[in-house]
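Enquirer: Here is a sequence together with a model predicted from it:
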Amino acid sequence: MAEATLKTVPLDKARVMQWLQTYGVYAGVALLLVVNIAITPHFLSAENFRTQAVQVAPVIIVALGMALVIGTEGVDLSVGAVMALAASVTALYLGYGLLPALLVVAVFAAVVGLANGALVAFVGVQPIVATLALMVGGRGVALVLLPQLEDLRNPSLASLGSGDVLGIPYLILIATVLALLVAFVVRRTTFGRQLLAIGDSRPAAELAGLPVRRVLILVYVGCALLAAVAGVLATARLQASDPTSLGNLMELSAITAVVVGGTPLTGGRVNIAGTVAGAVLIQLLTATLIKHDLPPSWTQIAQAIVIVAAVYAARGRGKR
Amino acid sequence: MTATKTDAPVAPAGDGKQAAATEPVGSARSERLSALVQQHGALAVLVVVSLVASFSFDSFATGDNVGNMATSSAFLAIVALGMTFVIITGGIDLSVGSLFALGGVLAAWGSRHGTLVALLLPLVVCGAIGVVNGLLVARSRLAPFIVTLAAMLGARGLMLALTDEGANTYLIGKGSFLAELGQGTTLGLGNPVWITLALFVAGAVVLRRTRFGQHVYAVGGNEDAAALMGAPVARTKILVYTLSGVLAGLAGALNAAWLASGVTILGNGMELDAIAAVVIGGTLLTGGLGYVSGSLVGVLLLRVIQNVINQVGSLDSSYQQVVSGAFLALVVIAQTWLGRRRQLL
Amino acid sequence: MAPPAEVLAVRGLSKSFPGVRALDDVDLTLHPGEVHALIGENGAGKSTLIKLLTGVYRPDAGDIVFQGRTVSFGTPLEAQKAGISTIYQEVNLIPLLSVARNLFLGREPRNRFGLLDSARMNREAEEALREYGVRVDVRRPLRTLGVGAQQMVALARAVASEARIVIMDEPTSSLEPREVETLFSVIRRLRDEGIAVVYVSHRLDELYAVCDTVTVLRDGRRVHHGRLAELDRLSLVSTMLGRELGEVRQEGLTKFTGDHHATDSRPVLEAVGLTVPHKLNEVSVSIRPGEVVGLGGLLGSGRTETAKAISGALATSSGRVTVAGVPLRGGSTPAAIRAGISLLPEDRKSEGIVPGLSVRENISLAVLPRLSRFGLVSEARVDSIVDTFIERLRIKASSPQQKVGELSGGNQQKVLLARWLAMNPKVLLLDEPTRGIDVGAKAEVQKLVDELAADGLGVLLISSDLEELIEGSDRVVVLKDGAVVGELTGDEVTEDKLMRTIAGHAPEKDAVEEAASDG
């Protein structure tokens, strides 16, 4: 009784905050759309939407994996390196055909994910530190395998990067399917629920007998695989393998998308729709600045501010 | 009345089968051993690698090569010095690479207005960004990695804005004091090397022999206890991020002076090298334990390995990153393992 | 001899938290050189009182007069600077810093260049610690010392900062007997130096060994104060637990019926010789199907540890657990759960519920793999189980989708019970199942425990609520300082016997000892 009356007063403010945290990102996307329709010429063209969507697709795919990792109260800094690794490995094995190359890419990514997961789950290293090592080493391996940019001429890879079905590029289709798949995993599988429970309260998850280590390892492997998909798609779109710069700062973009989208860094909650919207928001922001001839430097500064603001706003949410 | 007091048997806590005296002795020996490995392991590896390299490659142990290695290590070493302080408090600073580049550009840009501006501008601007990092970490309690990751982006944006999106490279005039500072030599060693050594000595004194240094260790060792023991936790954190920013800016400025221009593409991934060097040098990534001297050794070790990779003509320079990453992983695993073993003892 | 002026006078101190009156009009007086025992069970208000004295909390009402002046500390640091130091149960120092640097942090001796004088610091540290019986290399990291030595460093630090009052919160909980002796001699020295000590402990022997005076708190109120020697152990225990000795046992205070009676069948759970260093010493418990076995003892006697050790959540150095005759291997939580052991943890909020997940997800958390095919959750089966238990346990939530963190304590507890009952366990370990929940929910939980036992489950019941323990249990195993000190069966299961066992009185010696201490 006492608790109930105590709660009613701050409830309104709390509800507003709650609403902002859950739907703020959609409001932001809507706002940017309206502003752009008003001030940006040719914004409302199918071509423009297509371009934007194709550009954001790899970010979305990486952010999906990042959302899962952050849901366990972790973080994966090695996603950019995994993208670079995927690019080099694709270039090296493309000679055997696209499918074999993709399989080898998957193996490499899985190894990185396993290493991350094992360091976190078994050795007990903090996620930032564990994935930092793989971030440094992963890109190193990518560069050792393929020291510089290499043009790729493979028809199947080319069609993967620029082909479409009924006017919808493969990239967008793949990103959509993956987003739906990850959302399904989070909502409807044992794994998804266990992941959230571990992120929300690891002691409770352990006492409830959940396979904490197995779930953690699978999460990091999943994140690495998704990053590898993004790496392959980006490579396919470029028609070139560029291990030096592919995926640079991708960890930052992905974390931003996840956090802006309403998934707290403290774990226990994963908002997939919000993550996708978060990636779209950053993309629109960048595009808006570029279309109005503001230089990339401004974009970077703006992105930095958005990140800090999003993390600051999310500070109070999460646990307790 | 007093009878009850003396009669009462002293509480037997779990019968005390384990003899209390033996426990500290056994753990003391292994503690000393692991402390030794922690503190000097990198040095031993450095000596071994250097010895092997000088026997394997004629051009390794030459005065020129050593001098070059020393000068090119100097800038990373200065960045790693600041990073050491940050990591000992249990934080991390991912913005140093960008601040390094920004510092170089600012120094080169400022050199048109005199040496003083050229030197002060990078320190002030990079220091200010460090202050912002520190405030967000200490006062707003945001995660250090995300704050400094954002600062990395913001600082790079600022640097690009200053240079027409990287198209403009400011030069540092020959013969100026700044150029002399970067390019000149004293007693056969490059000036940056001397500056680095002086900074490390100062850093070691600050860390080991001042109250601020004690606070740095205390905050990283146990933040709550440190606060209870009277250490100014927030101030200490703000100071270490500021220091890290200032040192990264200084390293950038010196590097620009050395190269005679503010090169915009530098500093990418430097934060990772700095972290690797600090950790390899025996500083715990979880904070509370670390050595300035270790970070210097860590930087030298990375540089010698790079030199060796370069000497082996067939190896690509990217092996350097693989080695750094592997080292980082190994050291972290070893640290975690040693730490856990000590707790079990 | 006129009594020395009091160093601390607390008058009418009160503190409330939402829904709880944690401290209610409490007085406390300390004189220089007085060693004062502060005791009480869980929730009695001890830690609230300490936190008010040391500036962690601000009082709602009442005065703290320290050395003649009314004070109001904003932080523990302010209190410490003023002269009230606290030694916590968990040593609050910097483990990686050297012993000397820990001792001197914030007041290091400096040379004329303003730099720390390490040599002098080490020398002085060594001298200072020698007085506390600690002879170590002070340059070593603090954590290489035994817990006892670390506690001595904390103590030396507190005293060196010119403390007038030293509060010790369960200082001996992880000390070896020898270290306890050293601690006592230090306390006696503090007393001789005119420093007042507040000593919080549940170990009666220790209290009688060092304390002069005592304050007993119960439910936020001071229920007794005076000279400790004038209060014998049995009275102390009964005052603390709030039960009169010889009071006629009233039936029906709880919802327990006591209808269930253990069959003669083999034990469903047998734990033999469980040992956890510093915590448990050869604890053995066995439970037959349909039996409720109570674990009695004061706070810190090892009850929670016993439950955790059985459920695999606490690693044991020796001992074994068998469930229905099958030895449990691995000593891991998942293995214990698979074998049919379910633990309702004491710390419901941080170890039990997953606050951000819904009622539905919390109930189905452990049983989820059984409701899934190829990792896909069958929502229909989850719904049916969740609905069943919400109805059966009368869980009050706005919907199964409501977050568990938003529920009342009683409903949270029912959600946890539902989580375990969904697993069809053989043994239920209930650690304080009714603490902090309202009267109605409490009665429901008690009734449920009865029903479950009647259905043939083995139940281990831990409760600080004596009525609950006595009326709910068929048998009570009594723990003290991590070891079994007695077992009450049949007619012996009474509050009287329980308190006597806790107080360490062998039944036949009662009269003699009481006479001795009364006189």
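Expert: Alright, I've got the coordinates. Numbering: from 1, shown residues only, chains lettered A, B, ... in the order given.

Enquirer: going forward, measure contacts between C-alpha atoms and count neighbours the same way
Expert: OK.

Enquirer: Could you check how far the spatially most central residue of chain A is from chain C?
Expert: Taking Cα atoms, centre = their mean, the centroid of chain A lies closest to A:Ala63, which sits 0.9 Å from it. Using Cα to the nearest Cα, to the nearest Å, one obtains 22 Å as the distance from A:Ala63 to chain C.

Enquirer: A:Ala208 too?
Expert: A:Ala208 is 6 Å from chain C, where distance means Cα to the nearest Cα.

Enquirer: Which parts of chain A are strands?
Expert: A:150-151, A:164-165, A:168-169, A:240-241 (DSSP state E).

Enquirer: coming back round to it: now the residue nearest to the centre of chain A: closest residue in space, sequence neighbours ignored.
Expert: Closest residue in space to A:Ala63, ignoring its immediate chain neighbours: A:Ala254 at 4.4 Å, by Cα to Cα, 6 or more residues apart in numbering or on different chains.

Enquirer: got the contact list for the one you found?
Expert: A:59-60, A:62-63, A:66, A:279 (Cα atoms under 8 Å, 6 or more residues apart in numbering or on different chains).

Enquirer: top of those residues by neighbour count?
Expert: A:Ala63 (34 neighbours; other Cα atoms under 10 Å in any protein chain shown).

Enquirer: Can you tell me the element the spatially most central residue of chain B falls in?
Expert: Closest residue to the average C-alpha location of chain B: B:Ala80 at 2.7 Å, with Cα atoms, centre = their mean. Assigned by DSSP states H and E, B:Ala80 falls within helix B:63-88.

Enquirer: My guess is the residue nearest to the centre of chain B contacts B:Ile275. True?
Expert: Yes: in this structure, B:Ala80 is within contact of B:Ile275 by Cα atoms under 8 Å, at 6.9 Å.

Enquirer: Could you pull up the contacting residues of the residue nearest to the centre of chain A?
Expert: Counting by Cα under 8 Å, 6+ apart, A:Ala63 makes contact with A:253-255, A:257-258, A:275-276, A:279.

Enquirer: which other residues reach stretch B:88-96?
Expert: B:79, B:83, B:86-87, B:144-145, B:148-153, B:155, B:216-221, B:237, B:241, B:244-245, B:248, B:267, B:270-272, B:283-290.

Enquirer: Helices of the stretch 151-300 of chain B, start to end?
Expert: According to DSSP state H, counting those that start in this stretch, the stretch 151-300 of chain B carries its helices in the segments B:177-183, B:191-209, B:211-221, B:223-228, B:233-259, B:270-280, B:292-311.

Enquirer: Nearest to chain A, out of the ones you listed?
Expert: Of all the helices of the stretch 151-300 of chain B, helix B:270-280 sits nearest to chain A, with 6.7 Å by Cα to the nearest Cα.

Enquirer: when you scan that closest one, is anything in it near chain A?
Expert: Yes: Helix B:270-280 lies within reach of chain A by Cα under 8 Å from any Cα of the partner chain, at B:Leu272.

Enquirer: Identify the spatial nearest neighbour of C:Asp438, chain neighbours not counted.
Expert: Closest residue to C:Asp438 apart from its sequence neighbours, by Cα to Cα, 6+ apart: C:Gly410 at 6.4 Å.

Enquirer: State the distance from the residue nearest to the centre of chain B to B:Ile92.
Expert: Computed as Cα to Cα, to the nearest Å, the B:Ala80 to B:Ile92 distance reads 11 Å.

Enquirer: same question, C:Lys308
Expert: Noted for C:Lys308: a distance of 37 Å to B:Ile92, by Cα to Cα.

Enquirer: got it, and A:Ala310?
Expert: 20 Å.

Enquirer: So between those two, which is more surrounded?
Expert: Applying other Cα under 10 Å to A:Ala310 and B:Ile92 shows that B:Ile92 carries more neighbours, namely 28 against 21.

Enquirer: And the helices in the stretch 1-150 of chain B?
Expert: B:2-7, B:22-56, B:63-88, B:96-110, B:115-138, B:144-162.

Enquirer: Looking at those, spot the one closest to C:Val20.
Expert: Closest to C:Val20 of the helices of the stretch 1-150 of chain B, according to Cα to Cα: helix B:115-138, at 33.0 Å.

Enquirer: how about the nearest residue to the residue of the stretch 51-200 of chain B found nearest chain A, chain neighbours excluded?
Expert: As assessed by Cα to the nearest Cα, chain A sits closest to B:Gly157 within the stretch 51-200 of chain B, at 3.9 Å. Sequence neighbours aside, A:Ser297 is the residue nearest to B:Gly157 in space, at 3.9 Å (criterion: Cα to Cα, 6+ apart).

Enquirer: So for stretch C:228-236, mean pLDDT?
Expert: Stretch C:228-236 comes out with an average pLDDT of 86.

Enquirer: That stretch near chain B at all?
Expert: Yes: for stretch C:228-236 and chain B, the contact criterion (Cα under 8 Å from any Cα) is met by C:229-230.

Enquirer: what's the first-to-last distance across that stretch?
Expert: Stretch C:228-236 has an end-to-end distance of 9 Å (Cα to Cα).

Enquirer: Show me what from the stretch 201-320 of chain A comes close to chain B.
Expert: Proximity of the stretch 201-320 of chain A to chain B, by Cα under 8 Å from any Cα, involves residues A:252, A:295-305, A:307-308, A:311-312, A:315.

Enquirer: how about a cut-off of 7 Å?
Expert: A:252, A:295, A:297-298, A:300-301, A:304, A:307-308, A:312 (Cα under 7 Å from any Cα of the partner chain).

Enquirer: Spell out which residues of the stretch 1-150 of chain A are next to chain B.
Expert: A:123, A:125, A:130, A:133-134, A:136-137, A:140-141, A:143-144.

Enquirer: Buried ones from those residues, can you make that a ChimeraX selection?
Expert: Under the burial definition 16 or more other Cα atoms under 10 Å in any protein chain shown, those of the residues of the stretch 1-150 of chain A next to chain B that qualify are selected in ChimeraX by:
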select /A:123,125,130,133,134,136,137,140,141,143,144
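
Enquirer: ok, the residue nearest to B:Gly157 - how many residues close by?
Expert: 23.

Enquirer: hang on, it packs against B:Asp164?
Expert: No: the criterion here is Cα atoms under 7 Å, and A:Ser297 misses it with B:Asp164 at 8.9 Å.

Enquirer: Quick check: the gap between the nearest residue to C:Glu179 once chain neighbours are set aside and chain A.
Expert: The shortest distance from C:Glu179 to any non-neighbouring residue, by Cα to Cα, 6+ apart, is to C:Gly148 (5.7 Å). Applying Cα to the nearest Cα, the value for C:Gly148 to chain A is 28 Å.

Enquirer: Hmm, C:Gly148 is touching C:Pro177, no?
Expert: No: counting by Cα under 7 Å, C:Gly148 stays clear of C:Pro177, with 9.8 Å between them.

Enquirer: Among the two, which residue is more densely surrounded?
Expert: In this view C:Gly148 and C:Pro177 are compared by other Cα under 10 Å, and C:Gly148 has more residues nearby, 24 against 20.

Enquirer: and the stretch 151-300 of chain B, which residues reach chain A?
Expert: Within the stretch 151-300 of chain B, the positions near chain A by Cα under 7 Å from any Cα are B:151, B:153-154, B:157-158, B:160-161, B:165, B:272.

Enquirer: picking that back up, the helix or strand hosting the residue nearest to C:Asp438 packs against which elements?
Expert: Per DSSP H and E, C:Gly410 falls inside helix C:409-421. Helices and strands touching helix C:409-421, by 3 or more Cα pairs under 7 Å, 6 or more residues apart in numbering or on different chains; DSSP states H and E, are helix C:359-364.

Enquirer: for the helices of the stretch 1-150 of chain B, which one sits closest to A:Arg187?
Expert: Between the helices of the stretch 1-150 of chain B, helix B:144-162 lies closest to A:Arg187; by Cα to Cα that is 27.6 Å.

Enquirer: Give me the contact list for that closest one.
Expert: Here helix B:144-162 makes contact (Cα atoms under 7 Å, 6 or more residues apart in numbering or on different chains) with A:252, A:297-298, A:300-301, A:304, A:307-308, B:91-95, B:98-99, B:102, B:105, B:133, B:136-137, B:166.
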